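*Asks:* Attaching a predicted model along with its sequence, questions to come.
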Amino acid sequence: EAGVTQFPSHSVIEKGQTVTLRCDPISGHDNLYWYRRVMGKEIKFLLHFVKESKQDESGMPNNRFLAERTGGTYSTLKVQPAELEDSGVYFCASSPTPGLAGGTGLYNEQFFGPGTRLTVL
Amino acid sequence: DAKTTQPTSMDCAEGRAANLPCNHSTISGNEYVYWYRQIHSQGPQYIIHGLKNNETNEMASLIITEDRKSSTLILPHATLRDTAVYYCIVRANFGNEKLTFGTGTRLTIIP
């Protein structure tokens, strides 16, 4: 089974430019999360999709960040315009819906992708 | 904010048991203790979780004190590949709440 994939693995852009990060969750996972770690800080939650709906976007830092999950499959996170403080590693995670995982007890485990390293110059 | 406190760093000799402590004195009755780890340049990886009973899986064991205010993650036979940052996270287990990461413990396995 393929894991969570993210694209690109690295992105270097200049301040003021736009960048779009993509996340492909594990097939069948309704829940999709975005997190990020900026330099020297802890990993912070950004937002949570359930299928195509935003369940919790309390971690989004400002309106320069726009996340979408059209069709409830892959998700994109757009930063427009990018600022220096946006540099960091952006992680995506997915998890299945509780109670639908065949009783494995892992239904609340979040599976993380490798991350996208964003550098804003 | 994270509801857990962990030592900043620890060392462990290869082949020995690594015991990573975590304090979560304000844990609520419906909250579980989760452990994740992040190996360098990878995304966080789930290890184990528990409510009040001790738990064991193929990766580790989790020992939770009777008052649930602290826990210990045990890697029984540490290998060099276990070098990582280990995060203890308190989280309600219904719904699909976000993970709140703290600073974690940087575990270094010494050859």
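*Replies:* Yes, it's here.
*Asks:* what's the neighbour count on the residue in chain A that chain B sits nearest to?
*Replies:* Nearest to chain B, among the residues of chain A, is residue A:112, at 3.1 Å (Cβ to the nearest Cβ). C-beta: built from backbone N, CA, C; applies to glycine. By the criterion of other Cβ atoms under 10 Å in any protein chain shown, residue A:112 has 24 neighbours.
*Asks:* so how far is residue B:65 from the nearest residue to it once chain neighbours are set aside?
*Replies:* Distances taken as Cβ to Cβ, 6 or more residues apart in numbering or on different chains put residue B:43 closest to residue A:112, at 3.1 Å, once the chain neighbours are dropped. Distance of residue B:43 to residue B:65, computed by Cβ to Cβ, to the nearest Å: 30 Å.
*Asks:* Which one of the two is surrounded by more residues?
*Replies:* For residue B:43 versus residue B:65, neighbours defined as other Cβ under 10 Å are more numerous around residue B:43 (22 against 12).
*Asks:* In terms of helices and strands, where is that one?
*Replies:* Per DSSP states H and E: residue B:43 is located in neither a helix nor a strand.
*Asks:* what does the one 4 residues further on give?
*Replies:* The secondary structure element spanning residue B:47 is strand B:45-50 (assigned by DSSP H and E).
*Asks:* before we move on, the earlier item: you'd agree the residue of chain A closest to chain B is up against residue A:4?
*Replies:* Yes - with contact defined as Cβ atoms under 8 Å, residue A:112 counts as touching residue A:4 (6.2 Å).
*Asks:* what touches both of the two?
*Replies:* Common neighbours of residue A:112 and residue A:4 (criterion: Cβ atoms under 8 Å, 6 or more residues apart in numbering or on different chains): A:92-93, B:43.
*Asks:* okay, which residue is most central for chain B?
*Replies:* residue B:35 (3.5 Å; Cα atoms, centre = their mean).
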